[in-house]
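S.K.: below is the structure, and that's it, no one-letter string:
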Ligand code: FES
Ligand SMILES: [Fe+2]
């Protein structure tokens, strides 16, 4: 017997569950319909609390740091929306959605800095796909890419699908995303009939993935938005049918993620074989569809995610998917904050 590698055997003692900061990216905050004009509430994401509000005319949405630059009151406890601004409860200073102080009701002269820059941290926030999205960057840099056009969510006439879900996983967002290139687990954890072939390509913040030679074609736009198109032939007509799973996971903290999904498909006629087949495909994505052996993520992935630890030096074999390439791609979303700037 050769020399035993003790380091390898004892490495698990040093492993952490989520050894990463919150990655930069565009993230889902809430569905637009859940925030009424003039509404304000506290939310938790990206490892801290934020104040989410909508202007009284409904047009603007803001996500701000909770602590007022004046004397540190929590704007989300007693604060109020006034027109387009959020107003701190303590002395009624008002801020716009970009964090500029727009009004101090008792100041004859506004503090000079308020003319030069935003004084309250806010996140760039937009509404798209009927959802509120914020750009998170630990050093407050502006968005590095744009959210894409997703026809299934934006084409007003062609698509439908009300099915949505939300699940919390006690792991970091990278571990959840690694499921895509980890094609071997599809067979063993999800009971897929085989390990499908996988092809992955990367282009900046975009990752393209093809699983099973066109069976699942996916695109990830940074860590917070993933579109997976499942292509199959309708057995009744032999025509191709696509069902789309859009997932938008939010890092609640660096170690806890909220996974959100919706499922969309072409608006087929009620009672058609196309509709029946598409709905079955969607059932299959979520959990086991009736009469199927396979297991969807809801039933099995969470058991793994909630209990695993991250292995920075995994022991891989030739049948594994391109996991290390994926990790290299993902690394670009972790940014260091220059400590001299804070
Ligand atoms: S602490 Fe917010 S206005 Fe004074
Ligand atoms: Fe999985």
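M.R.: Sure thing, it's come through. The shown structure was predicted, so the numbers you read here are calculated from the model rather than taken from an experiment. Ligands and ions are numbered 1, 2, ... in the order given.

S.K.: domain ranges for this structure?
M.R.: The chain breaks down into these domains under automatic domain parsing: 25-136, 151-331.

S.K.: okay, now residue 130: neighbour count?
M.R.: Neighbour count of residue 130, defined by other C-beta atoms under 10 Å: 11. To be clear about C-beta, it is placed using only N, CA and C from the backbone, and glycine gets the same treatment.

S.K.: contact partners for it?
M.R.: Listed by C-beta atoms under 8 Å, 6 or more residues apart in numbering, the contact partners of residue 130 are 31-33, 153.

S.K.: as JSON lines, the domains of the chain with distance to ligand 1 would be great.
M.R.: Formatted as JSON lines, the domains of the chain follow (distance: least, C-beta to the nearest ligand atom, whole Å):
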{"stretch": "domain 25-136", "distance to ligand 1": "3"}
{"stretch": "domain 151-331", "distance to ligand 1": "26"}
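
S.K.: mind putting those in JSON lines, distance to ligand 2 and mean pLDDT included?
M.R.: As requested, these are arranged in JSON lines below (distance: least, C-beta to the ion, whole Å; pLDDT from 0 to 100):
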{"stretch": "domain 25-136", "distance to ligand 2": "20", "mean pLDDT": "98"}
{"stretch": "domain 151-331", "distance to ligand 2": "4", "mean pLDDT": "92"}
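
S.K.: which one of the contacts of residue 130 is nearest residue 44?
M.R.: residue 31 (16.7 Å; C-beta to C-beta).

S.K.: wait, what's in contact with the closest one?
M.R.: Per C-beta under 8 Å, 6+ apart, neighbours of residue 31: 130-132.

S.K.: so it bridges to which residues?
M.R.: On the basis of DSSP bridges, residue 31 takes part in beta bridges with residue 131.

S.K.: so which of the domains of the chain gets nearest residue 15?
M.R.: domain 151-331 (3.9 Å).

S.K.: so residue 39 touches residue 81, yeah?
M.R.: Yes. Using C-beta atoms under 8 Å, residue 39 is in contact with residue 81, at 7.1 Å.

S.K.: helices and strands around the lengthiest helix in the chain, which ones?
M.R.: Longest helix of the chain, by residue count under DSSP state H: helix 273-286. Using 3 or more C-beta pairs under 8 Å, 6 or more residues apart in numbering; DSSP states H and E, the elements in contact with helix 273-286 are strand 226-233, strand 240-247, strand 257-266.

S.K.: okay, the angle between that helix and strand 240-247?
M.R.: 40 degrees (axes from the mean of the first three to the mean of the last three C-alpha atoms, to 10 degrees).

S.K.: in the following helix or strand past helix 273-286, what's buried?
M.R.: Using DSSP states H and E, the helix or strand that follows helix 273-286 in sequence is helix 297-307. Within helix 297-307, the residues scored as buried using 16 or more other C-beta atoms under 10 Å are 297, 300-302, 305.

S.K.: of those, closest to residue 18?
M.R.: Among the buried residues of helix 297-307, and counting by C-beta to C-beta, the member closest to residue 18 is residue 305, at 10.3 Å.

S.K.: surely that closest one touches residue 172?
M.R.: No. Taking C-beta under 8 Å as the definition, residue 305 is not a contact partner of residue 172, at 9.3 Å.

S.K.: give me the neighbour count for the residue nearest to residue 139 when sequence neighbours are not counted.
M.R.: What sits nearest to residue 139 in space, not counting adjacent residues and going by C-beta to C-beta, 6 or more residues apart in numbering, is residue 337, at 4.7 Å. Residue 337 is flanked by 12 other residues according to other C-beta under 10 Å.

S.K.: right, I'll call it a day here.
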